[in-house]
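**Student:** no sequence on this one, just coordinates:
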């Protein structure tokens, strides 16, 4: 995870969320020989679980004002395990869990841009 950073010109960068950490963790759980979802193959074969996606995006972290930073202490293996379990309980597959985690990344950026990032500030996703 990257930390919040301020430049001399006043611009700063901050984490928009957990980056690919959750995607990688779920991928490793469902395929221990894989360290990540190579070429997005699992996500492409799955379908995001819309209800869970909405709940992921409702996490209070995403409403915090910048600058902010996050990491595995909040979005680590326990978070990934819970997401995988919830997708399975909803009738989804391993690939659906990866797709749900993957869909949360651009959804966060779209939601944030519609809410309007503060003028002169840009966001970046962390790893």
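**Tutor:** Arrived safely. Being a predicted model, the structure only gives us computed values, none of them experimental. Numbering: from 1, shown residues only.
**Student:** Please, where are all the strands along the chain?
**Tutor:** For the chain, the strands defined by DSSP state E occupy 5-6, 12-13.
**Student:** Mean pLDDT lowest where, among these?
**Tutor:** Averaged per stretch, pLDDT over the strands of the chain is lowest on strand 5-6, reaching a mean of 56.
**Student:** what about residue 65, how many neighbours?
**Tutor:** Neighbouring residues of residue 65 were enumerated by other Cβ atoms under 10 Å; the total is 7. Heads up, the C-betas are built off the backbone N, CA and C, glycines and all.
**Student:** Now residue 72. Nearest residue, chain neighbours left out?
**Tutor:** The shortest distance from residue 72 to any residue that is not its chain neighbour, by Cβ to Cβ, 6 or more residues apart in numbering, is 6.1 Å, and that residue is residue 21.
**Student:** That neighbour: how many residues sit nearby?
**Tutor:** For residue 21, the number of neighbouring residues by other Cβ under 10 Å comes to 22.
**Student:** Looks like residue 95 contacts residue 48 (just checking).
**Tutor:** No - shown here, residue 95 and residue 48 do not form a contact pair, counting by Cβ atoms under 8 Å, at 10.3 Å.
**Student:** if I read this right, residue 88 contacts residue 97, doesn't it?
**Tutor:** Yes - Residue 88 lies in contact with residue 97 (Cβ under 8 Å); the separation is 7.4 Å.
**Student:** Show me where this structure dips below the pLDDT cut-off.
**Tutor:** 1-8, 10-12, 106-127 (pLDDT under 70).
**Student:** the helices in it, which residues?
**Tutor:** With DSSP state H applied, the chain shows helices at 21-30, 41-45, 50-57, 72-75, 77-89, 94-115, listed in chain order.
**Student:** Go through those and name the closest to residue 9.
**Tutor:** helix 94-115 (21.6 Å; Cβ to Cβ).
**Student:** Report how many residues lie close to residue 78.
**Tutor:** By the measure other Cβ under 10 Å, the count of residues near residue 78 is 12.
**Student:** Please apply the same query to residue 77.
**Tutor:** Using other Cβ under 10 Å, residue 77 is surrounded by 14 other residues.
**Student:** and it, how far is that from residue 14?
**Tutor:** 23 Å (Cβ to Cβ, to the nearest Å).
**Student:** With that, I have no additional questions.
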